[in-house]
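Colleague: need coordinates for the below:
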Amino acid sequence: MESYTAVLDAAFNAPAAEKVCPFSPEAYASDVGSSRGSSHSSTHSTVTESSTSPLQPSSANASSEACPATFTQEIDPVLLKHSLDDRVAYLTDFLNFTSHDAEAIKKLAPAVNDIIPGLVDGMYAKLFEFDITKKVFMTRNQGFDGPLPTKLEDLTLDSAQIVFRKVFMRAWARRVLTADYSNGKTWAYMDKVGIMHTGVSPFKHQRTMGIAPLNVPYRDCALTLGLVQMILQNAILKLPEESASMQEKLDAVAGISKVIWIQNDLFSRHYIDE
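Modeller: All right, here's what the predicted structure looks like:
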């Protein structure tokens, strides 16, 4: 059996897949009617509940003929800033996130699902190690009627508001593993997760119930996503061979990495002006 190092070498040293030439008839035909924006667009794309993601099938990376000319995609920074569809199109293209990645994640999701409660508990335990991240949970959320300590040292991992927040975090983690990444609703949800940490409520049910979102510095959001990525990837790589081959695990790890970095961008875009 190939060693772990050998498999990693093969995965990371493999030649990059050929892109479809934008001047080919096939590429032109596939672009007609597409909702993806470019510098040629005259209107802004808008994400709706029925919109779909520009996630490309894995076969779209292969081309039987080489492109006759070197090309550079034209990206409109204004669309990237204001259109979620265009931003996700750019992110998935840049990271080469395809249907192959989505399928690899979903295939191993059942085997990794059981670690989610522990992942969430571990994440909050880490946040409680530092006063600046723990203090965030001292603010009472509107609509939360449970007891809230008045002193930081009295706030525990079993406090009612922490238990309340863990429910959302577990739902997010399960969605990362099982989401339909070809559906725009997935990316719209992940974008709202980013918004809600800025102190703005993007979810209708939260506004209806009077539940205020968290107001968390981007620095700590990014660090937490890094921690979640590490835990998920370790859990996948530790799966027994009867559950998944090494290649399947590597594919899922790569897919998870791309998703977490996309989610990271869908946080940062609401904190920085770009």
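Colleague: and stretch 85-94, average pLDDT?
Modeller: Averaged across stretch 85-94, pLDDT comes to 96.
Colleague: which positions in it come out as buried?
Modeller: 85, 86, 87, 88, 89, 90, 91, 92, 93 (16 or more other C-beta atoms under 10 Å). No exception for glycine: its C-beta is placed from N, CA and C like everyone else's.
Colleague: tabulate these (JSON lines), appending distance to residue 260.
Modeller: Shown next, in JSON lines, are these (distance: C-beta to C-beta, whole Å):
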{"residue": "85", "distance to residue 260": "21"}
{"residue": "86", "distance to residue 260": "21"}
{"residue": "87", "distance to residue 260": "16"}
{"residue": "88", "distance to residue 260": "15"}
{"residue": "89", "distance to residue 260": "19"}
{"residue": "90", "distance to residue 260": "17"}
{"residue": "91", "distance to residue 260": "12"}
{"residue": "92", "distance to residue 260": "14"}
{"residue": "93", "distance to residue 260": "17"}
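Colleague: quick one: which of these is nearest residue 200?
Modeller: residue 87 (17.9 Å; C-beta to C-beta).
Colleague: okay, buried residues for the helix or strand harbouring residue 235 please.
Modeller: In the assignment (DSSP states H and E), residue 235 maps to helix 218-237. Of all the residues in helix 218-237, those buried under the rule 16+ other C-beta under 10 Å are 218, 221, 224, 225, 228, 229, 231, 232, 233, 235, 236.
Colleague: then stretch 167-176?
Modeller: Buried residues in stretch 167-176, counted by 16+ other C-beta under 10 Å: 169, 172, 173, 176.
Colleague: turn the buried residues of stretch 85-94 into JSON lines, columns for secondary structure and distance to residue 76.
Modeller: Formatted as JSON lines, the buried residues of stretch 85-94 follow (DSSP: H, G, I helix; E, B strand; the rest coil; distance: C-beta to C-beta, whole Å):
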{"residue": "85", "secondary structure": "helix", "distance to residue 76": "12"}
{"residue": "86", "secondary structure": "helix", "distance to residue 76": "7"}
{"residue": "87", "secondary structure": "helix", "distance to residue 76": "11"}
{"residue": "88", "secondary structure": "helix", "distance to residue 76": "14"}
{"residue": "89", "secondary structure": "helix", "distance to residue 76": "11"}
{"residue": "90", "secondary structure": "helix", "distance to residue 76": "10"}
{"residue": "91", "secondary structure": "helix", "distance to residue 76": "14"}
{"residue": "92", "secondary structure": "helix", "distance to residue 76": "16"}
{"residue": "93", "secondary structure": "helix", "distance to residue 76": "14"}
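Colleague: before we move on, the earlier item: looking at the buried residues of stretch 167-176, which is nearest residue 158?
Modeller: Nearest to residue 158 among these is residue 169, at 15.2 Å by C-beta to C-beta.
Colleague: can you pull out the helices in the stretch 101-250 of the chain?
Modeller: 116-127, 131-134, 160-178, 184-196, 204-209, 218-237, 246-268 (DSSP state H, counting those that start in this stretch).
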